[in-house]
Each structure stands twice: as C-alpha cells, then as structure tokens.
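*Asks:* build me a model:
(3 chains)
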Amino acid sequence: MAIVTVALPIRTPEGEFLAHYSGQGLAELDFPQPKAHTVKKPGSLPADIRIWHRLTEAALNSILAGKEPAGLPPLMPVGTAFQQSVWTAMRAIPMGHTRSYGEIAEEVGRPKAVRAVGGACGANPIPVLVPCHRVLAAKKQIGGFGGGLAWKRRLLEAEGVYV
DNA sequence: AATGACAGTCCCA
DNA sequence: TGGGACTGTCATT
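*Replies:* Next up, the predicted model:
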C-alpha cells in the first residue's frame, strides 16, 4: 500500500513553512528553507486536507504572533512509542510556560532517560505546534534546538518567556 | 552485534 | 571545573 503525503506551503512573516499531510492528519512541519524552493500544488485536494491545512496555517501564525491557536489539525507524527509519549507530554505544556528535559522524562515514566528525551525532542517532526521549544535544560538554561537556537529564542520570546 | 554521538542531569571529587 | 553513569535512537562499522 502506497504511503500518500501532500506538502503544502504556509506563508508567515518569518518565511514559508512547509506542511506535510498523511491521510491521518499533519505529519510534519518544516521551518523555512534557506533556498526558496517552489512547491507544486495539486490541482485538487481532498476536503479533509484542505480543512487541516487551514487549521495549520491559522495555528502556526497565531503562535508566531504569541496568541493561543483557536484549533489544531490532527497531529500525526511518525515515531517510536517512546518518542510519541514525549511528544504527547510536550503538547500539554501551556503557551508561555516551560518544562525541563528532566521533568518530561519523569512525566513519561523514565526519570533517568533525560538525555533520550533530548533526542526525542530533536526528532519531533512538527515543531512549533508540538512545542518542543518549551522544553529547556535544567536551571532554565536554553538547551538545544534542531531548527537552530535562534528559532527557539524567537518562539519563546513570542510567548513572553525569557531565559 | 558493537560503538559512538547526541537538544541532559546528577553526583562526587 | 571535570569525569562517569544513565537512556533511546540512529549512523557507522
């Protein structure tokens, strides 16, 4: 059975993100690429994907503007059981709040797997909407970020969080 | 199958 | 300030 995904661009004040949809929902969200690459739009899209994309566009722009999204598309990232549990825990962090890698590790029942939590954060396919940027190192240190620390700072700043 | 490298954290010297 | 143990995942060997 073929795996079907659709990639659609999202214009924001920060650049053009790229959203990937599977048949289940939003599977991946890419930060703006250094090289502006054109995305070919399919002539017609399934109704559910159009709806999800509108939700993704609105949610992404809301968060970038520091506002609570009115709604989210179904978030369907692909990953291991451990990664799924970490991503689920991250989604429970309210806007403007943060957790440490250690706190997330405890929440998923693996208090000693702190470092592995960092790995799962880095593997998060849906940054921003799955708020990996709200996970900091101990003592409110900034920690790392796959998309570049500038993005992490930018996203935290939009939520009024300063490290 | 084993090793090394990571978006971490704590402990002990 | 520095080194070791701990943990999940992936690339490399």
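*Asks:* how many residues are close by the spatially closest residue to A:Gly109 that is not a sequence neighbour?
*Replies:* Spatial nearest neighbour of A:Gly109, chain neighbours left out: A:Ser85 (7.9 Å); criterion: C-beta to C-beta, 6 or more residues apart in numbering. Backbone N, C-alpha and C define where each C-beta goes, glycine included. Look at A:Ser85: counted by other C-beta atoms under 10 Å, it has 18 neighbours.
*Asks:* I'd say A:Ser85 and A:Val108 touch.
*Replies:* Yes. Between A:Ser85 and A:Val108 there is a contact under C-beta atoms under 8 Å: 4.4 Å.
*Asks:* hang on, the residue nearest to A:Gly109 in a helix?
*Replies:* Yes. Going by DSSP: H, G, I helix; E, B strand; the rest coil, the assignment for A:Ser85 places it inside a helix.
*Asks:* separation between it and DNA strand B?
*Replies:* Distance, A:Ser85 to DNA strand B, by C-beta to the nearest atom of the strand, to the nearest Å: 15 Å.
*Asks:* how close does A:Ala70 sit to DNA strand B?
*Replies:* For A:Ala70 relative to DNA strand B (C-beta to the nearest atom of the strand), the value is 25 Å.
*Asks:* contacting residues for that residue?
*Replies:* A:Ala58, A:Ala59, A:Ser62 (C-beta atoms under 8 Å, 6 or more residues apart in numbering).
*Asks:* closest one of those residues to DNA strand B?
*Replies:* Nearest to DNA strand B among the contacts of A:Ala70: A:Ala59, at 17.9 Å, using C-beta to the nearest atom of the strand.
*Asks:* got the phi/psi numbers for the most centrally placed residue in chain A?
*Replies:* Nearest residue to the geometric centre of chain A (C-alpha atoms, centre = their mean): A:Pro127, 2.0 Å. For A:Pro127, the backbone dihedrals (degrees, to the nearest 10) come out as phi -60, psi 160.
*Asks:* that one against A:Lys152, yeah?
*Replies:* No. Judged on C-beta under 8 Å, A:Pro127 makes no contact with A:Lys152 at a distance of 9.3 Å.
*Asks:* spit out the residues that contact the two alike.
*Replies:* Contact criterion C-beta under 8 Å, 6+ apart; residues shared by A:Pro127 and A:Lys152: A:His133.
*Asks:* need the residues of chain A near DNA strand B, please.
*Replies:* Residues of chain A that fall close to DNA strand B, judged by C-beta under 7 Å from any atom of the strand: A:100-102, A:112, A:114-115, A:117-119, A:121-122, A:124, A:127, A:132-133, A:135-138, A:141, A:143-147.
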